[in-house]
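J.: Let's see this in three dimensions:
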Amino acid sequence: KFPGHMFTPRLLTQAQAPRASCVARRSYASPGQRLWAVENKGTAFSRTERDVLRIRGLLPPAVENIDKQAERALQQFNMIVDPLDKYNYLNRIKNSNDTLFYHLLMNNLEAMCPVIYTPTVGKACQQYAQIFRTAEGMYFCKEDKGCMREMLDNWPHDVSIIVVTDGSRILGLGDLGANGMGIPIGKLALYSGCGGFHPSTTLPVMMDTGTNNEKYLNDPLYLGSRHTRLGDEEYYALWEEFLMAVKDKWPNALVQFEDISNDHCFEILRRYRNRLRCFNDDIQGTGAVVAAGFMGACKMVDIPLDQHKIMFYGAGSAAVGVADQICTLISLSNGVPVEEVRKQFYFIDTKGLVTTTRGGRLDAHKVPYARDDMPNEIKTLTEAVAVIKPTALMGLSGSGGAFTAEVLTQMGTTPRPIIFALSNPTSNAECTAEEAYTLTEGRAIFASGSPFDPVTYKDQTFYPGQGNNMYIFPGLGLGAYLARSKSVSDGMVTIAAATLANMVKPEDLAKGRVYPALSDIREISAEIATAVIEQSIKEGLARAELPAGDIKEYVKKHMYLPAYSRYASE
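T.: Residues are numbered from 1 along each chain as shown. Okay, here's the model as predicted:
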């Protein structure tokens with residue numbers, strides 16, 4: 001069965017009671033022990049359970065249900081002002097009581113997602129060594145070479161999904177080394193809360209290949225390996241050993257690569273995408289979610305798809321992944337080759353407009369989008385916007401404030417400019433929602449990577465869209481896992497993007513939203529997972545024995561819902 005069914009309500013036999021008692025006692029003696037969090041109920045243990053588990057007297061007399069526990073926890077959460085303190089508070093709950101944590105998260109998504117993930121997780125990673133309380137997940141480093149398969153046996157649970165990073169490019173913050181472990185931890189919380197993976201079957205992993213960040217190498221509290229980043233030969237050898245060990249230990253697991261620098265992320269995906277069930281969320285997930293938002297924005301613009309001029313500020317893995325997905329969707333919509341659609345795209349990197357004639361060697365991922373039709377060299381974003389007059393401007397640069405007043409005013413000369421400031425965290429956003437709306441006189445269609453509050457301009461309220469990957473990766477991952485898909489194909493990623501785009505309702509568009517409401521994320525994930533499974537079947541990649549009937553019903557039956565187990569009959 002899907003691991004979501006591994007921890008179903010059950011009664012304990014007399015032989016099982018001593019072990020459960022140890023679990024329960026340890027929950028209170030050391031609330032940070034992650035391995036015990038799955039079975040803890042706190043004040044929800046019944047009186048009979050307290051007797052059977054020998055924890056009577058170790059809890060207040062009141063016996064509460066999960067709703068009452070959540071009410072108290074939410075009150076405490078709302079009393080906390082600083083987002084990082086909120087992050088630490090939720091982590092304490094997660095590390096002592098998984099069920100309560102996910103009940104809270106799933107019922108308060110819009111309030112808690114920005115805390116457990118972007119933008120707050122960025123600050124948490126920067127201060128990871130200072131706020132560290134208890135280890136989560138697994139760490140691998142060069143000293144572990146030759147031991148990784150044996151090390152995996154130290155993990156006590158079956159695993160359905162792994163999120164792994166090397167900490168080399170965390171959000172828009174750069175090389176954070178082992179401090180980047182906060183990203184896989186936060187991401188897997190969303191895989192469970194939004195996508196339905198059972199939390200006990202998720203595994204965050206830090207592939208610690210060193211750091212070139214002198215700040216952390218000199219920090220006495222830094223928890224990672226104290227050496228500069230490994231050379232390619234040693235680096236790729238560690239990945240090979242780890243991923244083959246995972247394939248041997250958990251052959252059905254899905255691996256998601258996360259926040260790996262441009263010099264390695266494309267090569268890792270190329271090497272392994274057809275050898276195991278894996279994808280890179282920065283390349284493929286970001287591409288899918290932004291492409292879906294772009295298609296939603298196009299519904300509000302009176303310009304044919306093939307006449308858009310789409311400019312990217314930033315030309316890294318995420319930007320190229322976005323462009324690839326938009327190209328594919330336009331190609332499918334208009335029935336024209338992808339190569340023809342690429343002529344609508346313009347990339348600006350640190351050297352200016354990406355062209356074939358500007359001199360120097362182009363990174364391989366930029367070559368398909370290099371222009372060969374620009375007579376003059378363009379050095380800056382401001383100049384590019386003025387000369388090319390794009391209809392859409394996408395920011396994936398990590399450069400906060402890069403969309404200056406001059407750039408946004410120029411974009412405002414387009415009747416309905418599409419402006420996506422997608423860099424995370426909030427401090428790295430290329431512009432704010434307020435700047436986008438006011439400097440285009442309310443005509444912008446805006447989305448961002450981190451959330452912004454609604455903006456009122458000239459008596460009209462605008463609701464910024466958040467192009468958060470969480471719209472895509474939970475459903476994409478769940479579908480690929482349930483299908484036991486041999487690989488995660490481009491077609492599966494594209495159908496995920498198309499499904500999300502089709503879920504934007506007319507009332508969303510009327511408010512300027514290019515994405516559906518975040519409160520609907522479980523339904524969105526179920527729809528995307530269903531479409532992904534069907535695409536996997538269509539491409540002959542599915543290896544699971546799937547029902548002949550309603551695939552969506554099958555998906556929903558396998559989505560984790562937080563509920564306490566019973567440990568004794570009343």
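
J.: residue boundaries of the strands in the stretch 351-500 of the chain?
T.: For the stretch 351-500 of the chain, the strands defined by DSSP state E, counting those that start in this stretch cover 352-353, 392-395, 418-421, 445-448, 455-457, 460-462, 465-466.

J.: so can I have TSV of those showing distance to residue 198 and mean pLDDT?
T.: Glycine gets a C-beta too; all of them are placed from N, C-alpha and C. Below are the strands of the stretch 351-500 of the chain laid out as TSV (distance: least, C-beta to C-beta, whole Å; pLDDT from 0 to 100):
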stretch	distance to residue 198	mean pLDDT
strand 352-353	48	96
strand 392-395	36	98
strand 418-421	34	98
strand 445-448	31	96
strand 455-457	39	95
strand 460-462	39	93
strand 465-466	26	90
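
J.: Determine how far the last residue of stretch 150-169 lies from the first.
T.: End-to-end distance for stretch 150-169: 28 Å, by C-alpha to C-alpha, to the nearest Å.

J.: follow-up on the earlier one: with mean neighbour count and distance to residue 527 added, can I get the strands of the stretch 351-500 of the chain in CSV?
T.: What follows is the strands of the stretch 351-500 of the chain, written out as CSV (neighbours: other C-beta atoms under 10 Å; distance: least, C-beta to C-beta, whole Å):
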stretch, mean neighbour count, distance to residue 527
strand 352-353, 20, 38
strand 392-395, 28, 25
strand 418-421, 29, 23
strand 445-448, 27, 20
strand 455-457, 16, 29
strand 460-462, 14, 26
strand 465-466, 26, 18
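
J.: Now do the helix or strand where residue 87 lies, average pLDDT.
T.: Using DSSP states H and E, residue 87 sits in helix 83-94. In this model, helix 83-94 has a mean pLDDT of 96.

J.: And whichever helix or strand comes after that helix, what's buried?
T.: Sequence order places helix 98-107 as the next helix or strand after helix 83-94, per DSSP H and E. For helix 98-107, a neighbour-count test (16 or more other C-beta atoms under 10 Å) marks 98-106 as buried.

J.: what do you get for stretch 173-186?
T.: For stretch 173-186, a neighbour-count test (16+ other C-beta under 10 Å) marks 173, 175-186 as buried.

J.: Spit out the contact partners of residue 341.
T.: 306, 327, 330-331, 334 (C-beta atoms under 8 Å, 6 or more residues apart in numbering).

J.: just residue 322 next, same as before
T.: Counting by C-beta under 8 Å, 6+ apart, residue 322 makes contact with 286-287, 290-291, 312, 394, 396, 422.

J.: Which of the residues you listed fall within helices?
T.: 286-287, 290-291 (DSSP state H).

J.: right, and residue 172 touches residue 421 too?
T.: No. Contact criterion C-beta atoms under 8 Å: residue 172 and residue 421 do not qualify, at 11.2 Å.

J.: Excluding chain neighbours, what is closest to residue 171?
T.: Spatial nearest neighbour of residue 171, excluding adjacent residues (C-beta to C-beta, 6 or more residues apart in numbering): residue 424 at 4.4 Å.

J.: that older thread, what's the farthest-apart pair in the buried residues of helix 98-107?
T.: The largest separation in the buried residues of helix 98-107, counting by C-beta to C-beta, is between 98 and 106 at 12.2 Å.

J.: now residue 47, nearest residue through space, not along the chain?
T.: residue 63 (6.3 Å).

J.: Torsion angles phi and psi at that neighbour?
T.: For residue 63, the backbone dihedrals are phi -110, psi 120 (criterion: degrees, to the nearest 10).

J.: now residue 415
T.: phi -50, psi -50.

J.: wait, what's in contact with it?
T.: 301-302, 443.

J.: Now a PyMOL select for only the buried ones of the residues you listed.
T.: Selecting only the buried entries of those in PyMOL, with 16+ other C-beta under 10 Å as the criterion:
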select buried, resi 301+443
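
J.: would you list the contacts of residue 415 in a markdown table and tack on pLDDT and distance to residue 373?
T.: Shown next, in a markdown table, are the contacts of residue 415 (pLDDT from 0 to 100; distance: C-beta to C-beta, whole Å):
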| residue | pLDDT | distance to residue 373 |
| --- | --- | --- |
| 301 | 94 | 24 |
| 302 | 91 | 26 |
| 443 | 95 | 29 |
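
J.: Dump the contacts of residue 415 into JSON lines; add distance to residue 566 as well.
T.: Listed next are those as JSON lines, based on distance: C-beta to C-beta, whole Å:
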{"residue": "301", "distance to residue 566": "55"}
{"residue": "302", "distance to residue 566": "59"}
{"residue": "443", "distance to residue 566": "58"}
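
J.: Give me the subset of the contacts of residue 415 lying in helices.
T.: The members of those all map outside helices under DSSP H.

J.: Cool, thanks, talk later.
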